[in-house]
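**Q** Next one to model:
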Amino acid sequence: MRVLGIKQPVLIFMIIGLIFYVHRVYVKSGYEDAAGSKKEVEDPRVIKSLSDLETSVSHLYNLLKAFEQKQDTMQKLLEEDVEQRRKAAEVVQPPVQKLPEQKEEPKAKIEEKQETPVKKKSNKLFPDSPLFKEWGGNLSADEQREAQSLFDKYGYNVFLSDRLPLDRAIADTRDKRCLKKTYPKDLPSIGVVLIYLNEGLSILKRALRSIIDRTPKNLLKEIILVDDNSSNGVYVSSESHYATAKSCFFVQMPMLLEHNHGIDIGNVTERKELRKRLNCKSFKWYLENVYPKLDPLDNVVAYGGMKNLDTNMCIDQGPVPGNTPIAYNCHYYGPQMTYFRSNGELYIGGIKSHKYNDNRCIADIGNKETEPGLFNCREALQKKMGIYWDFTQGKELKNRETKRCLEIKKDTLVIQECSGQRWEVQHIIKAF
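**A** Below you'll find the model as predicted:
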């Protein structure tokens, strides 16, 4: 209602302006200009009109003033009504009871409640396995069992390898200086040799794909795959893989194809026909003409971790450099890899594939020593150490010369009189 009061001065100003305007019009029309005459003629009608207008304006002003008084009265009544309602509300509404003061919870406890996550129960079936330390949390129970089984067999994540594309992109890890180096176009052709032993099939396929995709076609002459007496019956033979190379040599240790030593290698007829069609050479020809310095290792009859069944510990090569093997919890990685040859030599920690290198044999030093030794085989023979062992799977491991056994006593690997401790090697190639 106060809005009308604010507009009142504006309205009065407009009325006064209207009076001046009308006055000017009537005054102007009341003058008569007669042929240069300056005589002013006064019209009685103009005077009467101005008097009537003044009376009307005075009346209008009185009305506005009366309206303003009425407006003030209504505003006062409205304010009194609001005050009465406020007092009535205070009488009806009961007083607000003051709640007991609540102690503020320490900030540290509040943050602890908000930030402490609910610990989820682990769904890993093999929480102590190195394979699942930083991988495999989203696998189902069956997938975890399959992945762990493959890991135990190969020593690396074959489960994941089998699911990666064969032509996956890989980073260029060459030295920066190599990237700046230029090569002539008329380079000689090359042959690539892949020697494998019980390797995962996807690993071999990916290696072949990488060789073919990343080697200029004019340089790649041949790819030679050498199955170094695998016991798992895995073969890689695909004509599509070899189409880019001019020739392929796919060879295995002779005994694997000519004699089936209890290993189910499946139907290899197609593979034999492929070898014949591609005119693949024999392994004997390969050793004599291509790689004469390679030790065929054709008398290796067992390999892998050598586990003591009575203590559940394995033979380990121990600190390197060093000449003392030890007993250690079984993990079946490189330091625990053993190779047993039919002549009785037992290698630990790896095997050399060239004739000019020497493997390290576990030896009974003799002279009442109870600590076994680990020496180059030729060196041990020259020092007349006992490097030949009699062993049958699941039975004792006895030295041929000293007739003493390799055993574990108080978590220590020792040479002592045989007490009947049993040993088991991880993989058998052929009976011995």
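**Q** Map the structural domains onto the sequence of this structure.
**A** Following automatic domain parsing, one gets these domains for the chain: 1-32+41-57, 184-289, 300-428.
**Q** end to end, how far does the longest one reach?
**A** Taking Cα to Cα, to the nearest Å, the first and last residues of domain 300-428 lie 9 Å apart.
**Q** returning to what we had before: distance to residue 136 added to the domains of the chain, as JSON lines?
**A** Using the backbone N, CA and C atoms, a C-beta is placed for each residue, glycine as well. Output for those, formatted as JSON lines (distance: least, Cβ to Cβ, whole Å):
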{"stretch": "domain 1-32+41-57", "distance to residue 136": "77"}
{"stretch": "domain 184-289", "distance to residue 136": "17"}
{"stretch": "domain 300-428", "distance to residue 136": "18"}
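**Q** Could you say which one of the ones you listed comes nearest to residue 127?
**A** Closest of the domains of the chain to residue 127 is domain 300-428, at 15.8 Å (criterion: Cβ to Cβ).
**Q** Would you single out the least confident of the domains of the chain?
**A** Ranked by mean pLDDT, those bottom out at domain 1-32+41-57, with a mean of 55.
**Q** Tell me which stretches of the stretch 101-250 of the chain form strands.
**A** 190-196, 220-227, 247-252 (DSSP state E, counting those that start in this stretch).
**Q** ugh, typo on my part, it should be the stretch 251-400 of the chain
**A** Listed in chain order, the strands of the stretch 251-400 of the chain (DSSP E, counting those that start in this stretch) span residues 300-308, 313-316, 326-329, 338-341, 346-348, 360-363, 373-376, 389-391, 397-399.
**Q** Residue 151 is nearest to which of those strands?
**A** strand 300-308 (13.6 Å).
**Q** What strands flank the closest one, and is each parallel or antiparallel?
**A** Strand 300-308 pairs in its sheet with strand 313-316 (antiparallel), strand 338-341 (antiparallel), strand 423-428 (antiparallel), by DSSP bridges.
**Q** before we move on, the earlier item: buried deepest among the domains of the chain, which one?
**A** The highest mean neighbour count among those, using mean count of other Cβ atoms under 10 Å, belongs to domain 300-428: a mean of 17.
**Q** Residue 221 touches residue 187, doesn't it?
**A** No: Residue 221 lies out of contact with residue 187 (Cβ atoms under 8 Å); the separation is 11.4 Å.
**Q** residues contacting residue 136?
**A** 124, 143, 144, 147 (Cβ atoms under 8 Å, 6 or more residues apart in numbering).
**Q** filter the residues you listed to the buried ones?
**A** Neighbour-count burial (16 or more other Cβ atoms under 10 Å) is assigned, among the contacts of residue 136, to 144, 147.
**Q** pLDDT for the contacts of residue 136 - can I get that in CSV?
**A** Below are the contacts of residue 136 laid out as CSV (pLDDT from 0 to 100):
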residue, pLDDT
124, 85
143, 91
144, 93
147, 92
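**Q** Let's see which of the contacts of residue 136 end up in helices.
**A** Members of the contacts of residue 136 lying in helices (criterion: DSSP state H): 143, 144, 147.
**Q** which ones are touching residue 356?
**A** Contacts of residue 356 by Cβ under 8 Å, 6+ apart are residue 293.
**Q** now it: how far from residue 200?
**A** 30 Å (Cβ to Cβ, to the nearest Å).
**Q** try residue 306
**A** In terms of Cβ to Cβ, residue 306 sits 23 Å off from residue 200.
**Q** cool, and residue 430?
**A** 22 Å.
**Q** same thing with residue 410?
**A** Distance from residue 410 to residue 200, counting by Cβ to Cβ: 38 Å.
**Q** Next: residue 190.
**A** Applying Cβ to Cβ, the value for residue 190 to residue 200 is 25 Å.
**Q** got it, and residue 320?
**A** According to Cβ to Cβ, residue 320 and residue 200 sit 27 Å apart.
**Q** what bits of the stretch 51-200 of the chain have low per-residue confidence?
**A** Low-confidence segments of the stretch 51-200 of the chain, defined by pLDDT under 70: 51-54, 56-57, 60-61, 63-64, 67, 71, 81-82, 84-122.
**Q** can you give me the helices for it?
**A** 107-115, 141-154, 158-161, 176-180 (DSSP state H, counting those that start in this stretch).
**Q** any chance of these in CSV, with distance to residue 344 too?
**A** Supplementary listing: the helices of the stretch 51-200 of the chain in CSV, determined by distance: least, Cβ to Cβ, whole Å:
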stretch, distance to residue 344
helix 107-115, 64
helix 141-154, 27
helix 158-161, 33
helix 176-180, 46
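**Q** quick one: contacts for the closest residue to residue 318 other than its chain neighbours?
**A** Sequence neighbours aside, residue 326 is the residue nearest to residue 318 in space, at 4.2 Å (criterion: Cβ to Cβ, 6 or more residues apart in numbering). By Cβ under 8 Å, 6+ apart, residue 326 lies in contact with 315, 316, 317, 318, 412, 413.
**Q** looking at it, residue 318 is touching residue 336, isn't it?
**A** No: counting by Cβ under 8 Å, residue 318 does not reach residue 336; the two are 10.4 Å apart.
**Q** Report the set of residues contacting both of these two.
**A** Counting by Cβ under 8 Å, 6+ apart, residue 318 and residue 336 have no shared contacts at all.
**Q** Quick check: the gap between residue 289 and residue 353.
**A** Taken as Cβ to Cβ, the span from residue 289 to residue 353 is 17 Å.
**Q** Same check on residue 306?
**A** Distance from residue 306 to residue 353, counting by Cβ to Cβ: 20 Å.
**Q** before we move on, what about residue 192?
**A** Counting by Cβ to Cβ, the gap from residue 192 to residue 353 is 17 Å.
**Q** Also residue 127?
**A** In terms of Cβ to Cβ, residue 127 sits 37 Å off from residue 353.
**Q** hmm, back to that, just put the strands of the stretch 251-400 of the chain in a markdown table and tack on distance to residue 418.
**A** What follows is the strands of the stretch 251-400 of the chain, written out as a markdown table (distance: least, Cβ to Cβ, whole Å):
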| stretch | distance to residue 418 |
| --- | --- |
| strand 300-308 | 13 |
| strand 313-316 | 16 |
| strand 326-329 | 17 |
| strand 338-341 | 18 |
| strand 346-348 | 16 |
| strand 360-363 | 16 |
| strand 373-376 | 19 |
| strand 389-391 | 11 |
| strand 397-399 | 6 |
